[in-house]
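J.: Predicted model follows, preceded by the sequence.
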Amino acid sequence: MNHTTDSLSFWQQIVEDWNAHGRDWTKPGFRAIAVYRFGVWRMAIKPLMLRAPLSILYRMMFRKVRNSYGIELPYSAKVGRRVIIEHQSAIVIHGNCVIGDDCVIRQGCTLGNRYLDRLDEAPVLGNRVNVGAGAKILGRVQIDDDACIGANAVVLSDVGARETAIGIPAKILKRKRAVEHTISANDVLSLEVAMAAPAALVDE
């Protein structure tokens, strides 16, 4: 997955996130993303002595967001552009998680590991993934572009592009196929008779 955040400055990313969150800087989701961006940005400062006070500030802000808003988003995760954290509370994102551009994550969601002996495994979300409230995505699973995760779903396996996963454990929602109507020769004949009938009455 290609992330384009590297092509933007820190402030450009903040402005994009602000726009994505309705230009409301008071939203907990925007504040969580802003703190995350700051945490990533300060790691690019190479002299340790210059980075140290920024790291202390980041840790303070990270704990403030986690403890006040219930949003845990460590800087080690890879988050794309214009990601929206909708609402707040009980949102936990693994430090190795990858989230693509234009994704939406709602309250009560967990993107974490599944097995205690494989703590580094985490979900990978493509672009424009829509995660419903209370959903849990666990383990090294791939959620492809434009997929939807239903509310309270527990996803333990991959979800393909434009698919919808619902339930516990999550299953792919099968959409009903549109009924195909076939036209027979008798239908055509009946239509011709019906169309000719009014004309015959006029001639009489």
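T.: That came through fine. Numbering: from 1, shown residues only.
J.: so who does the nearest residue to F38 once chain neighbours are set aside touch?
T.: Nearest residue to F38 in three dimensions, chain neighbours excluded: Y58, at 5.9 Å (C-beta to C-beta, 6 or more residues apart in numbering). Where you see a C-beta, it was placed from the backbone N, CA and C, and this is true even at glycine. Taking C-beta atoms under 8 Å, 6 or more residues apart in numbering, we find Y58 in contact with V35, F38, G39, R42, Y75.
J.: repeat that for 7 Å
T.: By C-beta atoms under 7 Å, 6 or more residues apart in numbering, the contact set of Y58 is F38, G39, R42.
J.: Quick check: which element contains it?
T.: Assigned by DSSP states H and E, Y58 belongs to helix 48-69.
J.: Pull out the buried positions in that helix.
T.: Within helix 48-69, the residues that count as buried by 16 or more other C-beta atoms under 10 Å are Y58, M61, F62, V65, R66, Y69.
J.: cool, and stretch 88-105?
T.: Buried residues in stretch 88-105, counted by 16+ other C-beta under 10 Å: 88, 91-105.
J.: between those, which is nearest P47?
T.: Distance to P47 across these (C-beta to C-beta) is lowest for G95, with 24.4 Å.
J.: picking up where we left off before, quick check: the residue nearest to F38 vs Y36, distance?
T.: 9 Å (C-beta to C-beta, to the nearest Å).
J.: just to revisit the earlier point, just the ones of the buried residues of stretch 88-105 in strands?
T.: Among these, the members found in strands (DSSP state E) are I91, V92, I93, V98, I99, V104, I105.
J.: Pick out whichever of these sits closest to F10.
T.: Closest approach to F10 among these (C-beta to C-beta): I99, at 18.1 Å.
J.: Distance of G108 relative to R162?
T.: Taken as C-beta to C-beta, the span from G108 to R162 is 24 Å.
J.: These two: which is more packed in?
T.: G108 (20 against 11; other C-beta atoms under 10 Å).
J.: element containing the more buried one, please.
T.: Assigned by DSSP H and E, G108 belongs to no helix or strand.
J.: Just confirm G134 contacts G150, I think it does.
T.: No - using C-beta atoms under 7 Å, G134 is not in contact with G150, being 9.4 Å away.
J.: who's more crowded, those two?
T.: Counted by other C-beta under 10 Å, G134 and G150 do not tie: G150 has more neighbours, with 19 against 16.
J.: Identify, from the buried residues of stretch 88-105, the entry nearest to I14.
T.: For the buried residues of stretch 88-105, the minimum distance to I14 (C-beta to C-beta) is 15.6 Å, reached by D101.
J.: helices and strands of the chain: which one bottoms out on pLDDT?
T.: For the chain, the helix or strand with the lowest mean confidence is helix 185-203, at a mean of 55 (criterion: mean pLDDT, DSSP states H and E).
J.: helix or strand right after the helix holding Y58?
T.: Next helix or strand after helix 48-69 toward the C-terminus (DSSP H and E): strand 71-72.
J.: Please state the mean pLDDT value computed over that following strand.
T.: The average pLDDT within strand 71-72 is 97.
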